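Undergrad: Starting from these lines, generate the structure:
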Amino acid sequence: MTVWDPVTYLQFAGERSRPFADLVGRIGATNPRTVVDLGCGPGQLTASLGLRWPNAQLIGIDSSPEMIDSTRQWTGDRVRFEVGDIRDWRPSHPVDVLVSNAALQWVPGHRDLLPQLVDGLDDHGWLAFQVPGNFSQPSHALLHRLAADPRFATATADVAWPEAFDPETYLGELSQLGCQVEAWETTYLHVLSGPDPVFRWMSGTGARPVLQALSGELRAAFVADYQADLRKAYPDQPYGTVLPFRRVFVVAHRA
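TA: Predicted structure coming up:
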């Protein structure tokens with residue numbers, strides 16, 4: 001199981017929070033009673049939902065104990081966090097809003113969970129999620145290629161790889177479940193600063209399972225090669241390093 005690091009993840013907290021704000025901004029719920037965030041990470045974005053819905057009970061769920069440990073500063077009377085697997089999520093009562101931000105791509109066969117997620121909603125509830133759509137980009141293509149290198153292939157053979165689909169796929173499947181669906185995609189141009197910024201970004205998310213599978217000299221060699229490849233693919237500019245990042249958004253209203 002991948003051990004996630006909240007500190008590494010939050011290095012680019014501003015850039016990572018933008019898709020969450022864009023997603024939540026399209027949810028039409030006005031005064032929900034219960035809002036659940038599946039894959040809540042370090043919890044600051046879950047807590048921010050209290051500004052949007054001040055009367056709601058907020059519940060954040062994440063499979064990483066490390067992430068949940070870091071949510072303590074956000075816990076309060078209306079905000080609580082729990083360790084849990086998205087695949088096992090079953091609400092004690094129907095919820096009004098169900099949010100998942102950049103988490104479903106890590107759940108194998110997550111499209112098979114869509115009926116379960118919709119069933120967990122109130123009769124007029126909302127399901128909103130966002131997943132990366134950049135797995136064909138150099139950041140991931142180079143990672144896959146290097147992981148398959150004979151030097152590293154044995155150690156990385158059992159690594160879990162994220163997967164997501166296009167907006168039309170999610171729109172069609174959720175529409176068949178009786179939802180009114182809005183689906184779209186956006187490519188953000190993140191301007192990153194500091195040394196090896198794309199590597200630091202990837203080491204907190206997409207590359208973490210691969211890096212965790214390696215150790216010692218093997219990991220050092222992998223990191224050196226991956227950093228060199230990323231520098232060529234994402235050259236530093238006078239104003240920073242540009243990381244194009246495509247994301248897929250879905251907001252479904254249970255009609």
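
Undergrad: ok now stretch 169-183, how far from the chain's centre?
TA: Its chain's C-alpha centre and that of stretch 169-183 lie 20 Å apart, by Cα atoms, centre = their mean, to the nearest Å.

Undergrad: Quick check: buried residues in it?
TA: By 16 or more other Cβ atoms under 10 Å, the buried positions in stretch 169-183 come out as 170, 171, 173, 174, 179, 181, 182, 183. The way it works is simple: take the backbone N, C-alpha and C, and place the C-beta from them, glycine included.

Undergrad: which element is the third one on?
TA: When you say that, I think you mean residue 173. Assessed by DSSP states H and E, residue 173 sits inside helix 167-176.

Undergrad: Next up, phi/psi of the one residue sitting closest to the centre of the chain, please.
TA: Closest residue to the average C-alpha location of the chain: residue 102 at 1.7 Å, with Cα atoms, centre = their mean. As for residue 102, its main-chain torsions (degrees, to the nearest 10) stand at phi 50, psi 50.

Undergrad: quick one, strands of this protein?
TA: 34-38, 57-62, 79-83, 95-101, 121-132, 179-192, 241-254 (DSSP state E).

Undergrad: how about these in a markdown table, adding distance to residue 68?
TA: Shown next, in a markdown table, are these (distance: least, Cβ to Cβ, whole Å):
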| stretch | distance to residue 68 |
| --- | --- |
| strand 34-38 | 12 |
| strand 57-62 | 6 |
| strand 79-83 | 5 |
| strand 95-101 | 16 |
| strand 121-132 | 20 |
| strand 179-192 | 27 |
| strand 241-254 | 24 |
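
Undergrad: Reformat those as TSV; add mean pLDDT and distance to residue 225.
TA: Putting these into TSV (pLDDT from 0 to 100; distance: least, Cβ to Cβ, whole Å) gives the following:
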stretch	mean pLDDT	distance to residue 225
strand 34-38	98	35
strand 57-62	97	31
strand 79-83	96	35
strand 95-101	98	31
strand 121-132	97	23
strand 179-192	98	20
strand 241-254	98	18
